[in-house]
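Q: generate coordinates for the sequence data below:
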Amino acid sequence: MIQIFSRRRRILIVLVSATVIFLIFQLFSFKVLNLSQRLQHSENDARKDIALDLEPIEDSENKLNDEHVPLEDEEMKWKTGLLLPHGVLPSQSRFYMPDKDNFFQCLYNKERIPFSQVNDDFCDCEDSSDEPGTAACPNSTFYCTFQLQNKIPKPLPPSRVNDGICDCCDGSDEWISARVPEWIINLGLYGPGGVFYKLGQSCFDFKSGEYEYSICPFKNVKQRKFPSAWISLGIRPVWTFMNQGVYILEMMDGDSSLCPEHVQRSTSITFICGLSDRVLQVSEDDKCKYTVQFSTPAAC
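A: Here you go, the predicted model:
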């Protein structure tokens, strides 16, 4: 009896142990399966998220294309920044958009005028803000379309807009193609179409080392070493080369003192296309022979 009881006990222990092992195995298998399913769900969710992320890109491109479809409408062009009033910087575009009623709000006194009155050559806003591209308002400022990057934009006074003479290197200040006054053209002295006329009404100071220079194109070029008196480096203008982008003006018949064989001094001014009127460099390449590098929109 003792042996039978002992054998049954061992069998029972074996069965219980097998049952426990089976249950543990089943529990482990369930956890693995659950983890696998969770990973699969996560992967599917991730794919869905990627798909959702990708779909708006394609849709946004289509929407952009859709939005660009009605660009025949002028108001839409203003609002998308594709069209700006003449004389306005792109950074100011938000101030020059029509409102829902197609009105323009003056920038400072907040007056409202029909948008069609912007740049119509009549000053409607007391603050001059409605005429950035014409000479109608006394206090307006015109900005050339082309500006150097990372530089402070340079404005033009309104009197120089549409006067027939280019002040912007891109010609954007002459957007109505105004004709140069006939009397200026009849002068040939100021280049083709009189484009250098305004330049000829100004003088420019420049210092190089111990020397000072006064350069008045078409009138005279002078040099001095302070406190000595000015010496003439040329008073008679003669064109020696003309081509769009580069023009060379020779200023002849300067002072001859201390020059070899009393040859009169002369200065060659090379005008190159640039954003503003300014002297870039002055040098004496030979005894009593001077050269000036000059940047100006007139050469453009």
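Q: doesn't C106 make contact with F115?
A: No. Using Cβ atoms under 8 Å, F115 is not in contact with C106, being 11.8 Å away. Heads up, the C-betas are built off the backbone N, CA and C, glycines and all.
Q: in terms of neighbours, single out the busier of these two.
A: Neighbour count, other Cβ atoms under 10 Å: between F115 and C106, F115 has more, with 20 against 17.
Q: excluding chain neighbours, what is closest to that one?
A: Spatial nearest neighbour of F115, excluding adjacent residues (Cβ to Cβ, 6 or more residues apart in numbering): P98 at 4.0 Å.
Q: where along this protein do the helices fall?
A: Under the criterion DSSP state H, helices of the chain are mapped to 2-68, 74-79, 182-185.
Q: any idea which of those has the lowest pLDDT on average?
A: Set side by side, those give their lowest mean pLDDT on helix 74-79, at a mean of 45.
Q: how much space between the residue nearest the centre of the chain and G274?
A: Ranked by distance to the mean C-alpha position of the chain (Cα atoms, centre = their mean), the top residue is Q147 at 4.7 Å. Between Q147 and G274 the distance, using Cβ to Cβ, to the nearest Å, works out to 13 Å.
Q: these two touch, right, C300 and V246?
A: No. Using Cβ under 8 Å, C300 is not in contact with V246; the gap is 10.4 Å.
Q: so for those two, which residue has more residues nearby?
A: Higher neighbour count among C300 and V246: C300, with 18 against 12, using other Cβ under 10 Å.
Q: now do the contacts for T270.
A: Contact partners of T270, counting by Cβ atoms under 8 Å, 6 or more residues apart in numbering, are V246, Y247, I248, T291, V292, Q293, F294.
Q: okay, and the beta partners of the first one?
A: What that stands for is V246. Taking DSSP bridges, one obtains N243, I272 as the residues bridged to V246.
Q: what distance do you get for it to T240?
A: Here V246 is placed at a distance of 11 Å from T240 (Cβ to Cβ).
Q: how near is Y108 to S257?
A: As it turns out, when the distance is counted by Cβ to Cβ, Y108 lies 58 Å from S257.
Q: I235 contacts M252, doesn't it?
A: Yes. Using Cβ under 8 Å, I235 is in contact with M252, at 7.5 Å.
Q: which one's more surrounded, these two?
A: It is I235, of I235 and M252, that has more neighbours when counted by other Cβ under 10 Å, with 20 against 15.
Q: please tell me how far the residue nearest to that one when sequence neighbours are not counted sits from T291.
A: Closest residue to I235 in three dimensions, ignoring its sequence neighbours and counting by Cβ to Cβ, 6+ apart: N220, at 4.8 Å. Separation of N220 from T291 (Cβ to Cβ) stands at 16 Å.
Q: neighbour count winner among these two?
A: Ranked by neighbour count (other Cβ under 10 Å), N220 and T291 place N220 first, with 20 against 16.
Q: how many neighbours does V282 have?
A: Neighbour count of V282, defined by other Cβ under 10 Å: 23.
Q: list the contacts of it.
A: Listed by Cβ under 8 Å, 6+ apart, the contact set of V282 reads F206, S208, Y211, Y213, I215, Y290, T291, V292, Q293.
Q: dig out what it forms beta bridges with.
A: Beta-bridge pairing for V282 (DSSP bridges): V292.
Q: check S214 too.
A: Here S214 sits in beta bridges with D205, K222, as judged by DSSP bridges.
Q: list the contacts of it.
A: Neighbouring residues of S214 by Cβ under 8 Å, 6+ apart: C203, F204, D205, N220, V221, K222, Q223, W230.
Q: how about the first one, nearest residue that isn't a chain neighbour?
A: To tie it back to what came earlier, the one meant is C203. The shortest distance from C203 to any residue other than its chain neighbours is 4.1 Å, reached at C216 (Cβ to Cβ, 6+ apart).
Q: which residues touch that neighbour?
A: G200, S202, C203, F204.
Q: ok, now F146?
A: Contacts for F146 were tallied using Cβ under 8 Å, 6+ apart; they are C168, C169, D170, S172, L275.
Q: okay, and the beta partners of the nearest residue to D99 once chain neighbours are set aside?
A: The shortest distance from D99 to any non-neighbouring residue, by Cβ to Cβ, 6+ apart, is to Q105 (7.0 Å). According to DSSP bridges, R112 are recorded as the beta-bridge partners of Q105.
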